[in-house]
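Chemist: Need coordinates for the following:
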Amino acid sequence: MHNGELPPPGTGKPRILLVEDEAVLRGHLARVLSDEYAVDTAGNGQEALESVMRSPPALVVTDIVMPTFDGIALLKALRSSERTRMIPVLLISGLAIHEQRIEGFKEGADGYLAKPYTELELRAYIGSMLQSARRREEAARREAIEQTLMERAALLESITDAFFALDREFRFTYLNQRALDHFNATREALLGRVLWEVFPQTRGSLFHQEYELALKEQRSVSFETISRISNRWVEVRAYPTQQGLAVYFRDVTDRKLAEEQLRDADRRKNEFLAVLAHELRNPLAPLRNGLHILKRHSAAQVAIADTVNMMDRQMTHLVRLVDDLLDVSRITRGRLELRQRKVLLADILGSAVESTRAAIESSRHELTVCVRAPRLWVNGDPERLAQVFSNLLLNAAKYTDAGGRITLALDCDNGEAVVTVEDNGIGIPPQALEQVFDMFAQVRSHEVRGAEGLGIGLSLVRTLVQLHNGTVSAFSEGPGLGARITVRLPIAEGSDLPDVVSSPTTQNRGQRVLVVDDNTDAATSLALLLKMEDHEVCTAADGEEAIECARTFGPHVIFMDLAMPRLDGLEAARRIRSLPNGEHVRIVALTGWGQEADRDRTRAAGMDGHLTKPVSLDALHSVLRASR
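Modeler: Reported below is the predicted structural model:
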């Protein structure tokens, strides 16, 4: 196709270039032909070539014999240029010798008209050559389109996705081999047919809805679903085109099965963690009870007291590890819930200091608490906030050499409560400042033996702070230069008054307490501890015994294990509630099962509280006070 492309019939006059050195004849022919054609003229070959280069015509009509730059030279110049080589050329001459005419055809002339000729002959030649040129251009256009389609088809056949094209009536216009394999059909059976008619099971399906949406809103759509044709998972991407839709899809069944296997493995991991925590807590319970008992009798004996305190610190550390493991499980499943209320942040920090004091003092660290803004209230879960700052204090103690300095500070900045925990410990390399909050990340150092831990403490801190709409960041000038962790929390509105007012402390001695546990050591040690607190205690080894003891002993408080032989604690609690005066008994679950689903089950069974083993003495006192 040349640049002087012919206009479609009926859209305008074709433009021709008439080259004639005789001015009178040139003017006459231009006038004669102007009724049918737009005629440009030139007096020699050089003028003609310049005119063609400026604006290529649909046809060149040129005399052969001209001075300086004749028609043969013009023809050679036109055929030597990619831009003009397809322009048809009609040679005209009455003086040209036979050899010139032959040379003209060799150089690519499309026609020859000898002088003298009539006007009708000239018109006939010009019309015929223009029509031939138009046919050549149309053929070339069709060939180019076919070539493009072939290349596109080859590309679509080579891709790894299945592909098909639909028109606006959802008729198939093209399918590659992978699509045919998916549909289990031949190209001839599908081309030109409506998708929903060939595969009626897809009518009204997600495919139908998404394809109609893509056409209606002229936007791409993507989705994953099970194909109603192959019964396998497919990932689909559909794009609107001028003709209709281009649809790419691939089989993702293997990936979906792998994802399901991962989810199943994750579920089994969580179940394992829950069982592990339960199994760990069961032996921990009598150990902690025994420690409480030993503390009461060893205060006067320094060596024994120091040993008991050491055992108590390690017990607390082990309990914290179990709790952290379960919290990781809850976080990964999105099951961690907050019980938020307005709390005084200084009180939370006090609780964190108290719970970590033994660990800090055992390493001979100097702890400085600086509360510059004592009346800052925040909306939060007091237990979880205390866990945040306890973890930060323990982390500082762990990664600081014995006899180090730790500073806990509370301040107010730009409408936020700012808590910093700073130490002069091993520090954090610059490249690790962002990673320290990642799950299982650890800043390892040969100088801090045995201090690696599980690598989940700071990750829990970040998650819990974010759940309180806060932020946490780390700063260190480098290894050996200490670290500073900063927590920022939004201040509660109208924080002059707390949400709740603490009730006065009451004495909690002299109550009847029933301890129900199939673990003899756990039941016996807890009973002994409660007796030392001047309570009257009865024990039961299963749910059946618990019901009988509740009937004959008349307890004020029942500490109830859940998993027991013969009758579990949940059903035992329900039956005790149905006894005379059973609704007045305070029943508290005391179990190794501590996940939220377990707490839901105990609430549904009518229990008043849920404690996880091993239970602290403060938690026991809190239950006994509440039963008054």
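
Chemist: pretty sure residue 478 contacts residue 430?
Modeler: Yes: with contact defined as Cβ atoms under 8 Å, residue 478 counts as touching residue 430 (6.5 Å). Yep, even glycine has a C-beta here, placed from its N, CA and C like the rest.

Chemist: how about stretch 38-51: buried residues?
Modeler: Residues 39, 40, 41, 42, 44, 45, 47, 48, 49, 51 are the ones in stretch 38-51 that count as buried (16 or more other Cβ atoms under 10 Å).

Chemist: Let me know the closest of the residues you listed to residue 93.
Modeler: Closest approach between the buried residues of stretch 38-51 and residue 93, by Cβ to Cβ: residue 45, at 13.1 Å.

Chemist: Output the buried residues of stretch 38-51 in JSON lines; the columns should cover distance to residue 425, secondary structure and pLDDT.
Modeler: Shown next, in JSON lines, are the buried residues of stretch 38-51 (distance: Cβ to Cβ, whole Å; DSSP: H, G, I helix; E, B strand; the rest coil; pLDDT from 0 to 100):
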{"residue": "39", "distance to residue 425": "96", "secondary structure": "strand", "pLDDT": "94"}
{"residue": "40", "distance to residue 425": "91", "secondary structure": "strand", "pLDDT": "94"}
{"residue": "41", "distance to residue 425": "96", "secondary structure": "strand", "pLDDT": "95"}
{"residue": "42", "distance to residue 425": "93", "secondary structure": "strand", "pLDDT": "94"}
{"residue": "44", "distance to residue 425": "96", "secondary structure": "coil", "pLDDT": "92"}
{"residue": "45", "distance to residue 425": "94", "secondary structure": "helix", "pLDDT": "91"}
{"residue": "47", "distance to residue 425": "92", "secondary structure": "helix", "pLDDT": "93"}
{"residue": "48", "distance to residue 425": "92", "secondary structure": "helix", "pLDDT": "93"}
{"residue": "49", "distance to residue 425": "88", "secondary structure": "helix", "pLDDT": "93"}
{"residue": "51", "distance to residue 425": "88", "secondary structure": "helix", "pLDDT": "93"}
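
Chemist: any chance of the residues you listed in a markdown table, plus distance to residue 319?
Modeler: Formatted as a markdown table, these follow (distance: Cβ to Cβ, whole Å):
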| residue | distance to residue 319 |
| --- | --- |
| 39 | 103 |
| 40 | 100 |
| 41 | 105 |
| 42 | 103 |
| 44 | 107 |
| 45 | 104 |
| 47 | 103 |
| 48 | 101 |
| 49 | 98 |
| 51 | 98 |
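
Chemist: Straight-line length of stretch 553-567, end to end?
Modeler: End-to-end distance for stretch 553-567: 19 Å, by Cα to Cα, to the nearest Å.

Chemist: mind showing which ranges of the stretch 401-550 of the chain have poor pLDDT?
Modeler: Scanning the stretch 401-550 of the chain with the threshold set as pLDDT under 70 gives 439-457, 494-509.

Chemist: typed the wrong thing, it's the chain
Modeler: 1-11, 95-98, 148, 270, 272-283, 295-318, 320-337, 439-457, 494-509, 627-628.

Chemist: where does the closest residue to residue 20 other than its chain neighbours fall, helix, sheet strand or coil?
Modeler: Nearest non-adjacent residue to residue 20, counting by Cβ to Cβ, 6 or more residues apart in numbering: residue 26, 3.9 Å away. Recorded secondary structure, residue 26: helix (DSSP: H, G, I helix; E, B strand; the rest coil).

Chemist: Residue 26 touches residue 41, doesn't it?
Modeler: Yes: counting by Cβ under 8 Å, residue 41 is a contact partner of residue 26 at 5.4 Å.
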